[in-house]
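Undergrad: Give me coordinates for this.
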Amino acid sequence: MKIQVSVLLIACTLAGPSLAAVKLINKDGSAHNIKIQCSSTSTGSIQSNTTRDIGKGPCTVTVSGSSAKGSDGDTLVIKGGKVAKQ
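TA: Below is the predicted model:
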């Protein structure tokens, strides 16, 4: 039983980072319209000072003509009206 639990814990530890979505944080004091391209493309908005998971990477986010690409577990940040990988 101990071996099974150990194997399960190791598998979860190794799989954990690959299961994480790309996060988008808006550090601006205003909302922004965004375009998200992961396995499909969508448009929407993100409110000021909020965080949201945008999907399984790789994903590209475009804000006001500025773009950044993130993979699973990465964080993209909007600051000063531009998006960049953190």
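Undergrad: check contacts around Gly70.
TA: Taking CB atoms under 8 Å, 6 or more residues apart in numbering, we find Gly70 in contact with 22-23, 57-61, 76, 85. Where C-beta positions appear, they are placed from N, C-alpha and C, glycine not excepted.
Undergrad: ok, now which ones touch the nearest residue in space to it that is not next to it in sequence?
TA: For Gly70, ignoring the flanking residues on the chain, the nearest one in space by CB to CB, 6 or more residues apart in numbering is Val22 at 4.2 Å. By CB under 8 Å, 6+ apart, the contact set of Val22 is 38, 53-59, 70-76.
Undergrad: so where do the strands sit in this structure?
TA: Along the chain, the segments classed as strands by DSSP state E run 22-26, 32-37, 41-46, 50-55, 59-63, 66-70, 75-79, 82-85.
Undergrad: Write a ChimeraX command that selects only the buried members of the contacts of Val22.
TA: Here is the ChimeraX selection string for the buried members of the contacts of Val22, based on 16 or more other CB atoms under 10 Å:
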select :38,54,55,57,59,70,74,76
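Undergrad: now, which of the contacts of Val22 sits nearest Ser45?
TA: Using CB to CB, Ile54 comes nearest to Ser45 of the contacts of Val22, at 12.4 Å.
Undergrad: Now do the same for Val7: its pLDDT.
TA: Listed pLDDT for Val7 reads 45.
Undergrad: show me where pLDDT drops low in the protein?
TA: Low-confidence segments of the chain (pLDDT under 70): 1-19.
Undergrad: if we go to 90?
TA: Applying pLDDT under 90 to the chain flags the ranges 1-20.
Undergrad: now Ser30: how far from Ile46?
TA: Plainly put, Ser30 is 10 Å away from Ile46 if you go by CB to CB, to the nearest Å.
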